[in-house]
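*Asks:* can you look at this prediction? I've put the sequence above it.
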Amino acid sequence: MSFRLAKDARPQARTLLLVTALSIALWFVPYAEIVTYPFRLFVTFIHEGGHALAAVLTGNAVYGLRIMSSGSGVTLTTENGLLSGLIISSAGYLGAMLYGALLLLLIRRAVVARRVLILSAALILTLTVAYGLTSLFTVIAGVIISSGLLLAALFFSPQAATFLINFLAAQCVLNALLDLKTALFLSSPFAPRVPTDAMNMAEATGIPAFLWSIIWIALALMILFYALRSFAEKRTPTQPDLPFDDELD
């Protein structure tokens, strides 16, 4: 399975490559986590929001969502049966990857960048108000992130807004993969015992956490592959909001 980059996808691809390279480079820059910290919390909101949404869709209750200052998070839900537990536990890592893939596709399909930022702000604020009011840090983080996204939507140029969405997409994808790598490491019998979604599934099913991590990594890579393939396909309209847009023959 392979794909070829369409000519009209090249401006978006250049922007995506730039934000991906920037995201990776910031991992190696001292104190750069100060810059990336809000984006890390954004991805954690998406991860925990995936758990909450899966719980609601499977007929379960959500008791609370908490974002920690460390960048980790927890969502408390009921689980009515093994299947709903599987869906809820899987929806965190895969939800972050799906959201990153969705942002990429919205950019590629020429959805107005400001609308995407407003919808993302509304999502974070909804999660905060609906499930996070019992945690002060969650409330503060949710209000700041949603306000920042809304201000960007209102005052950024179209090019800057599109660049920000690409950066958010890269952060969702890269952090989802990084979190899955961490879950895989923590699933090792030699690793310290730390609660993870994979550990929860192992306790519920008897299937080793290591295997659950492998399954989720495979599914996440599959989501990413199909998102990139759709991103690379030719389309009729052009995207006017790109920092590197050029005239196509």
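*Replies:* Everything's here; your move.

*Asks:* and after the longest helix that the chain contains, which helix or strand comes next?
*Replies:* Across the chain, the longest stretch assigned as helix under DSSP state H is helix 158-186. Counting by DSSP states H and E, the next helix or strand C-terminal to helix 158-186 is helix 197-205.

*Asks:* tell me the mean pLDDT over whatever helix or strand comes next after that following helix?
*Replies:* Heading C-terminal from helix 197-205, the first helix or strand you meet, by DSSP H and E, is helix 209-232. For helix 209-232, mean pLDDT rounds to 91.

*Asks:* other SSEs contacting helix 209-232?
*Replies:* Here helix 209-232 touches helix 10-26, helix 82-108, helix 158-186, helix 197-205, going by 3 or more CB pairs under 8 Å, 6 or more residues apart in numbering; DSSP states H and E. All C-beta atoms are positioned from the backbone trio N, CA, C, and that covers glycine.

*Asks:* follow-up on the earlier one: so which elements touch the longest helix of the chain?
*Replies:* helix 10-26, helix 33-57, helix 82-108, helix 113-131, helix 136-155, helix 197-205, helix 209-232.

*Asks:* poorly predicted segments of this structure, please.
*Replies:* Within the chain, the ranges that satisfy pLDDT under 70 run 1-3, 191, 235-249.

*Asks:* any residues touching stretch 89-96, and which ones?
*Replies:* Contacts to stretch 89-96, defined as CB atoms under 8 Å, 6 or more residues apart in numbering, come from residues 43, 46-51, 53-54, 75, 172-173, 175-176, 179-180, 183, 197-198, 200-201, 204, 212, 216, 219-220, 223.

*Asks:* wait, which of the helices and strands packed on helix 158-186 is closest to Tyr63?
*Replies:* In terms of CB to CB, the element of those nearest to Tyr63 is helix 113-131, at 8.1 Å.

*Asks:* tell me, how many neighbours does Glu79 end up with?
*Replies:* By other CB atoms under 10 Å, the residues close to Glu79 number 18.

*Asks:* please begin residue numbering at 20 from this point
*Replies:* Noted, 20 is the first residue going forward, which turns the last one into Glu98.

*Asks:* is it in contact with Ile106, as I believe?
*Replies:* No: if you go by CB atoms under 8 Å, Glu98 and Ile106 don't touch, sitting 9.3 Å apart.

*Asks:* now Val213: phi and psi?
*Replies:* phi -130, psi 130 (degrees, to the nearest 10).

*Asks:* surely it touches Ser207?
*Replies:* No: taking contacts as CB under 8 Å, Val213 lies outside contact range of Ser207: 11.2 Å.

*Asks:* re the thing from before, out of the helices and strands packed on helix 177-205, flag the one nearest Gly90.
*Replies:* Going by CB to CB, the one of these nearest Gly90 is helix 52-76, 4.7 Å.

*Asks:* quick one, that closest one and helix 155-174 angle?
*Replies:* 100 degrees (axes from the mean of the first three to the mean of the last three CA atoms, to 10 degrees).

*Asks:* about what we covered before: tell me which of the helices and strands packed on helix 228-251 sits nearest to Ser139.
*Replies:* Judging those by CB to CB, what sits closest to Ser139 is helix 177-205, at 7.1 Å.

*Asks:* is Leu95 in a helix, a strand, or coil?
*Replies:* strand (DSSP: H, G, I helix; E, B strand; the rest coil).

*Asks:* surely it meets Tyr82?
*Replies:* Yes: here Leu95 lies in contact with Tyr82, judged by CB under 8 Å, at a distance of 4.1 Å.
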